[in-house]
Every structure is written in C-alpha cells, then in structure tokens.
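Q: this is a predicted model, with the sequence first.
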Amino acid sequence: MTFLMNWWKNGRVLFKNWLVQEYARRSGEAHTLPKKIKRPQD
C-alpha cells in the first residue's frame, strides 16, 4: 500500500510538471521556464 501511495504522489507531481510545460509551450511562454528544463544550444 505504501508503494502505491508513493507512486501516486510521484506520478501526480510529474504529471503537474508536464502540464505546466505543455501549457507554457502552447501559450508561447516557453522562454520563461527555468533554464534547467529547456536549455538553448549556445
């Protein structure tokens, strides 16, 4: 049961992060995301 609870919590966090990135990409604000998530090739 503990394993399922931990998996559910981690899954929700990952899903939320993915949703934030998708929303930012669709609204054209991807450049405002932290650089560690998407680093431009310099």
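A: Arrived safely.

Q: so which elements touch the strand or helix carrying Leu4?
A: According to DSSP states H and E, Leu4 maps onto helix 2-26. On a contact count with 3 or more CB pairs under 8 Å, 6 or more residues apart in numbering; DSSP states H and E, helix 2-26 meets no helix or strand. C-betas here are computed from N, CA, C, even on glycine.

Q: can you tell me how far Arg26 is from Leu19?
A: Arg26 sits 11 Å away from Leu19, taking CB to CB, to the nearest Å as the criterion.

Q: now stretch 5-25: buried residues?
A: Residues of stretch 5-25 classed as buried by neighbour count (16 or more other CB atoms under 10 Å): Ala24.

Q: shaky segments in the protein?
A: For the chain, the stretches flagged by pLDDT under 70 are 29-42.

Q: make it 90
A: Applying pLDDT under 90 to the chain flags the ranges 1-4, 7-8, 21-42.

Q: for Thr2, give its distance to Asn10.
A: From Thr2 to Asn10 the distance is 12 Å (CB to CB).

Q: actually Gln21, not the one I wrote
A: For Gln21, the distance to Asn10 - CB to CB - is 17 Å.

Q: now swap in Asn17 and tell me
A: Counting by CB to CB, the gap from Asn17 to Asn10 is 11 Å.

Q: do Gly28 as well
A: For Gly28, the distance to Asn10 - CB to CB - is 30 Å.

Q: do the same with Leu4
A: For Leu4, the distance to Asn10 - CB to CB - is 11 Å.
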